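1. how would this look folded up:
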Amino acid sequence: MQRPVLYYLAPIIKIILFLIFIVLWVIPVAMVFGFNFLPLAGSGFAVEFYWELGMVLAILGSLQMVFFIFKIDFWTVFVRKIGAFSGFLKGTLIGFLLIALCGGILWANGNVRFAIGGISSITLAVYLFYFILVAIFEELMFRTYPLFVLAESYRIAVAVIINSIGFGLVHLANPGYTPLAFLNIMLAGALFAVFTLIKRNVSWAIGIHFGWNFAQGVLLGYKVSGLDTERALIAQPIGKAYLSGGEFGIEGSVFCTLILSILISWMLYRYRIAPVVTWAFVEAHEEKERIE
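-> Model prediction:
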């Protein structure tokens, strides 16, 4: 039986509503900045830090609004206490290893030179918390309610692709953005979505996202999606941008494309997630296994 058009439009409408709620919550956040009473509010990095914190609060407020309207909760949209901390730690390790692997390949291929940088322990700790906030904000925005409503109505592959395209598009304004960088950001979004759907806990995606950004920018000294940070090492790209990543960082390299593609393919094979699988089928299968 063919489903009505509204059935397929409903997830998009719900996501648009979610985005409207985010905008409504951003207004008071922006007003706080307007009063300029926050400590160190005049410094550039402090503004970025406060902004990320404000956006996390805005996302949480927006989620509460959709919960009230559609009668769902954090558990439904993959924000779960059980295994959250361990999932975050394991995800962080995965993110670190992925960046180390990509950086190692670039170094072995002669596409990067590393120099000693300089960063204090206090600055290191501040960046650690900053990138945790970035990961929480972006993952709560993309891999919670939006991913749930997409997976609920579309096949898993379609849900992941739409979610990943949206993730890639929000980075369009980043410096040094290229079509290859867009593809890699999409693949990163797909990896985060696949982990969230498999583990039923967004903490894994938050951990991978954090580990990826922190290791790339602060430890290895690459630009993070085209943006500079203070760093322990300084990565100096060598050669053509599609190999070295150029001004965008590791995410602008074809080697990043290869690593992400391999990991996503392995995850889909490992957990036997076929492109035609639906969310309803996954939930029914899990319920059957739990009963048995």
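
2. For the longest helix seen in the chain, name the packing helices and strands.
-> Within the chain, and with DSSP state H defining each element, the longest helix by residue count is helix 5-35. Judged by 3 or more CB pairs under 8 Å, 6 or more residues apart in numbering; DSSP states H and E, helix 5-35 is in contact with helix 44-70, helix 145-153. C-beta coordinates here come from the backbone N, C-alpha and C atoms, glycine included.

3. in it, what's buried?
-> Under the neighbour-count criterion of 16 or more other CB atoms under 10 Å, helix 5-35 has P11, K14, I15, L17, F18, F21, I22, W25, V26, V29 buried.

4. surely the third one meets V149?
-> Which is I15. Yes. In this structure, I15 is within contact of V149 by CB atoms under 8 Å, at 6.4 Å.

5. circling back to that earlier point, so, if you compare the buried residues of helix 5-35, which one comes nearest to I259?
-> Closest approach to I259 among these (CB to CB): I15, at 29.2 Å.

6. so what pLDDT did the closest one get?
-> In the predicted model, I15 carries a pLDDT score of 96.

7. Now do the longest helix of the chain and helix 44-70, the angle between them.
-> 140 degrees (axes from the mean of the first three to the mean of the last three CA atoms, to 10 degrees).

8. one step back: which stretch among the helices and strands packed on helix 5-35 comes nearest Y127?
-> In this view, these are compared for proximity to Y127 by CB to CB, and helix 44-70 is the closest at 8.9 Å.

9. Could you pull out the buried residues of the closest one?
-> Of all the residues in helix 44-70, those buried under the rule 16+ other CB under 10 Å are 49-56, 58-63, 65-66.

10. Which pair of those spans the longest distance?
-> Every pair in the buried residues of helix 44-70 was compared (CB to CB); the two farthest apart turn out to be F49 and V66, at 26.9 Å.
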